[in-house]
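Chemist: Need a 3D model of the sequence below.
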Amino acid sequence: MKKSLRKFLCAAVLIAMCLGVTPAFAQAPTSSIPPNAQKAKQQLLDAYAAALASELANGQTAIDPQSGAKVLVGDSAAKMDLLWSETVRQIEALIARPAAERLPIENKIAAIDGSQPVYVLRSGFPYSASVQVEEYQTSEYNYFVDIETAQILEIMPIDSTHFRRNASSGQPVYAPETLENLALGYIGKIAGKVDLESLQLIASDKGGRNYFFRWEDPTGKLPDGGAPFIQVGLSVNGDLLNYVNTLPVALDPSYAFLQQFGLLPLNARASFNELYANGGGYWSWVYGGASSSTISNAGYCYYAGWCSPKNFYWGYTDATTSPNTPYIKGMWDVNPSSQYIYLDAYVPNTHADAYSAYTATYNNGANYETAIIDQSIYSNVWVRVLGPHFNYGVVTLDNDDDSANWRVAWDEILLCTSDQCP
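Modeler: The predicted structure follows:
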């Protein structure tokens, strides 16, 4: 079996070389972190791991009644949070490009946003394992920029919940046609000239409140098998919800051709263990799974094609107001291969519109953090949820909300590092 696989890979590489294509399974991030910075980063992580072990052995701890794990409490929890913040600061300073190299990007963002951005960090990009991005933050948005090309690939709100929370009857309401024109304006302003005539427009909305204008390239492929796209999300009031552009990271057409005929693997990420499917081996229901439903032919694995199941779970919110639906809680028991990790979640285009609480344990289960994501402002995109944190353990998502009749979707999650989203 190993000999056959070796022959297959060699033949694929030879064919790819003849066509001038670098196979995805051989690609490294295009702007890798220098080895000396990687070494220093690992030394900082080793020092943090030693301090964490000491605090768990000698500090203030308790036993979590649900998991049975030893957790940090009181001064010990505060101490390790402070140390981790300092560790992250030092790591990001080590792996960052010089400020002078980042200045043109900062000026570009300032011209688009109207406020001066602040550099935050660097990380992988969930749509391509060979792309690294830098994150910049303005007063309201996070900008994710391809280090290699300086193209803005994503614009995401700092707080996804503020759109619904701040909505009022006095705001203007725009027709879908007007919103599409606004979306075109954003694309021109952010991406420049894009040949949208050669792309397929897919327009959708969630509850008539949030609209999504997505132009896909049906002839192209992303590294995970999905169609390259550029998408703008807008509220009915014209607020920019988010912007995602994966067109610049599409596969070379020759590589996509080889994929189509099975001469190269569909996705390099399939050989890693950092994408966790609902219903997979690392997935389980904690409470009320029988009260959930599934939507077939939807969700990440359906659109990417390489993984399964080709559906996702969903359920109405369990609210204090009537009707009080059963409490539902799902869990991914993750097994990361890196210590310095970000958590992303895929939000599908349907049956996903609630305030959704993702909770992750970290520090080998000794701490946890919860992030609230408004699923209604996203449509078939990856969303950064938490991080960076040290050694994730368990990620949960439940349907607990203050309001009834909203819908929570349990779809795939992905763990990313400073280098890539494998």
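Chemist: Tell me the secondary structure of the nearest residue to residue 394 once chain neighbours are set aside, please.
Modeler: Nearest residue to residue 394 in three dimensions, chain neighbours excluded: residue 361, at 4.8 Å (C-beta to C-beta, 6 or more residues apart in numbering). C-beta here means a position set from N, CA and C on the backbone, and glycine is covered the same way. Following DSSP: H, G, I helix; E, B strand; the rest coil, we place residue 361 in the strand state.
Chemist: didn't residue 361 look like it was pressed against residue 392?
Modeler: Yes: Residue 361 lies in contact with residue 392 (C-beta atoms under 8 Å); the separation is 6.9 Å.
Chemist: who's more crowded, these two?
Modeler: Using other C-beta atoms under 10 Å as the criterion, residue 361 and residue 392 rank with residue 392 on top: 26 against 23.
Chemist: what helix or strand does that one sit in?
Modeler: Per DSSP states H and E: residue 392 is located in neither a helix nor a strand.
Chemist: pLDDT at it, what is it?
Modeler: We have a pLDDT of 92 for residue 392.
Chemist: Equivalent analysis for residue 260, please.
Modeler: Reading off the model, residue 260 has pLDDT 58.
Chemist: show me where this structure has helices.
Modeler: Assigned by DSSP state H, the chain shows helices spanning 2-18, 35-58, 74-95, 99-113, 162-166, 176-190, 253-260, 300-304.
Chemist: Return the most buried member of these.
Modeler: helix 300-304 (a mean of 23; mean count of other C-beta atoms under 10 Å).
Chemist: Show me what it is packed up against.
Modeler: Here helix 300-304 touches strand 311-316, going by 3 or more C-beta pairs under 8 Å, 6 or more residues apart in numbering; DSSP states H and E.
Chemist: Low-confidence ranges, the chain, go.
Modeler: Applying pLDDT under 70 to the chain flags residues 1-31, 254-273, 320-324, 422.
Chemist: list the contacts for the residue most central in space within it?
Modeler: In the chain, the residue lying closest to the centroid (C-alpha atoms, centre = their mean) is residue 344, at 3.2 Å. Each residue near residue 344 by C-beta atoms under 8 Å, 6 or more residues apart in numbering is listed here: 126, 382-385, 413-416, 421.
Chemist: Mind doing that once more with 7 Å?
Modeler: Applying C-beta atoms under 7 Å, 6 or more residues apart in numbering to residue 344 gives the contacts 126, 382-385, 413-414, 416, 421.
Chemist: Nearest to residue 162 among those?
Modeler: residue 383 (15.0 Å; C-beta to C-beta).
Chemist: Would you indicate which residues of stretch 275-294 are buried?
Modeler: 275-279, 282-283, 285, 287-289, 292 (16 or more other C-beta atoms under 10 Å).
Chemist: Pick the one among the residues you listed closest to residue 204.
Modeler: residue 278 (21.5 Å).
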